[in-house]
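Participant: Model the structure of this input:
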Amino acid sequence: MIDAIDRQIVHAMQVDGRAPFSRVAGVLGVSEQTVARRWRRLRADGVVRVLGLATPATTEPSWHIRVRVQPAAAGAVAEALARRPEVSWVSITAGGAEITCSTRPRTPRQRDALLLDRLPRTVQVIDLTAFSVLHAYVGGKYEWTGFEDPLTDDQLAALRPVPATTPTSPLALDTDDELLFAALATDGRLTYAELAGVTGWSESRVARRVEALRAAGALYFDLEIANELLGHPVSAMLWLGVAPADIAHVGESLAREPETAFTAVVTGPVNLMVAVTCRDTAHLYRFLTERVGALPVRSMETATVLRRVKQAGSRMDGPRLTDPEPPPARGR
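Facilitator: You can find the predicted model right below:
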């Protein structure tokens, strides 16, 4: 059973994924041992995991793809997409005849291999639409916050990390950083000693680099949550068309809503893509009619998620989050 303390621990880690257990305990008014024990249980039960991710602006542009397939082939095509390392999210929607996936290719060649070669030549694919992400609202105030027992403003302030600064010149990423990012993408709470073992660096060098990347805004920590286990089993993808002058206003407004898990400005036949998570269909209905309906939206298409196959780079097994393969250590 997941209780109020569990949910508040999850909320605390959403504010700062690398917050020490002692700080979380002090904010919640429980012992450090209680926080550590409950976090390990939540993690082992597949309820939650912290991921360290590269800020979208520091990487190749990401893409969201809608693939219409023959219904009988949806599972096989979704599984094939989930096996690709550059594909981070895969969901089956629209009555089982459509797959939505998110990909962040490392190179143009990797992008073209999926969009121009593999998918178009798959006989089960009827058609596909690819959306390039122009701007994503991620982290901090844009996180999903539909908790039943949310933290107070004072508690949030005590947990909130020092905000990233805008450097005078972009922080240069090198090939050595790839191992660090790969490790943090599997578990953002790996200790500096564990990260040193993966990268081959000293613990002090790892600590300095993580803090430098975070301070420069090149690295952020996201929380992967099995929302079904927190009482929010209904997820949907929204595809919105708005006037160019309203894109920023609508995107910012929806990104701040507690039900919103992800919002992005995209290319293609629509302007905005929004992922929402709700308690039930009535909750989703109210969100669409009251929140989206209050904004200057010209068109809207809604597709409920039938099944998540991969989430934030991790394969799914029902509502439980399963562990991905660990990153290779240096020298392997």
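Participant: Tell me where the stretch 101-250 of the chain has helices.
Facilitator: 108-112, 153-159, 176-186, 192-199, 203-215, 247-255 (DSSP state H, counting those that start in this stretch).
Participant: Kindly reformat the ones you listed as TSV containing distance to Gly241.
Facilitator: C-betas here are computed from N, CA, C, even on glycine. Rendered in TSV, the data for the helices of the stretch 101-250 of the chain read as follows (distance: least, CB to CB, whole Å):
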stretch	distance to Gly241
helix 108-112	25
helix 153-159	34
helix 176-186	33
helix 192-199	43
helix 203-215	36
helix 247-255	10
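Participant: can I get those helices in TSV with mean pLDDT and distance to Asn227?
Facilitator: As requested, the helices of the stretch 101-250 of the chain are arranged in TSV below (pLDDT from 0 to 100; distance: least, CB to CB, whole Å):
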stretch	mean pLDDT	distance to Asn227
helix 108-112	79	29
helix 153-159	92	20
helix 176-186	87	20
helix 192-199	95	28
helix 203-215	93	26
helix 247-255	96	17
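Participant: residues in contact with Thr156?
Facilitator: For residue 156 the amino acid is Leu, not Thr. Residues in contact with Leu156, defined by CB atoms under 8 Å, 6 or more residues apart in numbering, are Val15.
Participant: check contacts around Asp6.
Facilitator: Residues touching Asp6, when contacts are defined by CB under 8 Å, 6+ apart, comprise 38, 42, 47.
Participant: again, 6 Å this time
Facilitator: Arg38 (CB atoms under 6 Å, 6 or more residues apart in numbering).
Participant: now do the one 5 residues further on
Facilitator: Contact criterion CB under 6 Å, 6+ apart gives 147, 151 as the residues in contact with His11.
Participant: which regions of this protein lie under the pLDDT threshold?
Facilitator: In the predicted model, the chain carries pLDDT under 70 at residues 56-60, 106, 139-140, 163-171, 311-332.
Participant: now the strands: where do they sit in it?
Facilitator: Counting by DSSP state E, the chain has strands at residues 48-54, 63-69, 87-93, 98-103, 125-137, 219-225, 234-242, 260-266, 272-278, 297-311, 314-317, 320-321.
Participant: Sheet partners, orientation included, of the first one?
Facilitator: If I follow you right, that is strand 48-54. The sheet places strand 48-54 alongside strand 219-225 (antiparallel), with pairing taken from DSSP bridges.
Participant: The partner strand vs strand 272-278, what angle?
Facilitator: Taking axes from the mean of the first three to the mean of the last three CA atoms, to 10 degrees, strand 219-225 and strand 272-278 form an angle of 40 degrees between their directions.
Participant: what comes into contact with strand 219-225?
Facilitator: Judged by CB under 6 Å, 6+ apart, the contacts made with strand 219-225 from elsewhere in the structure are 13-14, 17, 48-53, 55, 139, 188, 213, 312.
Participant: With stretch 248-259 instead?
Facilitator: If you take CB under 6 Å, 6+ apart as the criterion, stretch 248-259 is touched by 137, 142, 145-146, 242, 260, 263, 265, 272, 274, 276, 278, 287, 291, 295.
Participant: I'd like the contacts of strand 219-225 written out as TSV, with neighbour count added.
Facilitator: TSV is the format used below for these (neighbours: other CB atoms under 10 Å):
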residue	neighbour count
Met13	25
Gln14	24
Gly17	24
Val48	21
Arg49	25
Val50	21
Leu51	20
Gly52	25
Leu53	21
Thr55	17
Gly139	17
Gly188	22
Leu213	23
Ala312	19
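Participant: Quick check: the farthest pair among those residues?
Facilitator: Pairwise distances across those (CB to CB) peak at 22.7 Å, for the pair Val48 and Leu213.
Participant: For the residue lying closest to Glu98 once chain neighbours are set aside, list the residues it contacts.
Facilitator: The spatial neighbour of Glu98 that comes closest, neighbours along the chain excluded (CB to CB, 6 or more residues apart in numbering), is Arg68 at 5.4 Å. With CB under 6 Å, 6+ apart as the criterion, the residues that contact Arg68 are 98, 126-127.
Participant: Can I get the residues you listed in CSV including distance to Asp154?
Facilitator: Rendered in CSV, the data for these read as follows (distance: CB to CB, whole Å):
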residue, distance to Asp154
Glu98, 44
Ile126, 53
Asp127, 51
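Participant: Can you tell me which of the residues you listed is closest to Ser299?
Facilitator: If you rank these by distance to Ser299 using CB to CB, Glu98 comes first, at 17.7 Å.
Participant: neighbours around the closest one, how many?
Facilitator: Burial measure for Glu98: 20 neighbouring residues, criterion other CB atoms under 10 Å.
Participant: With that, I have no additional questions.
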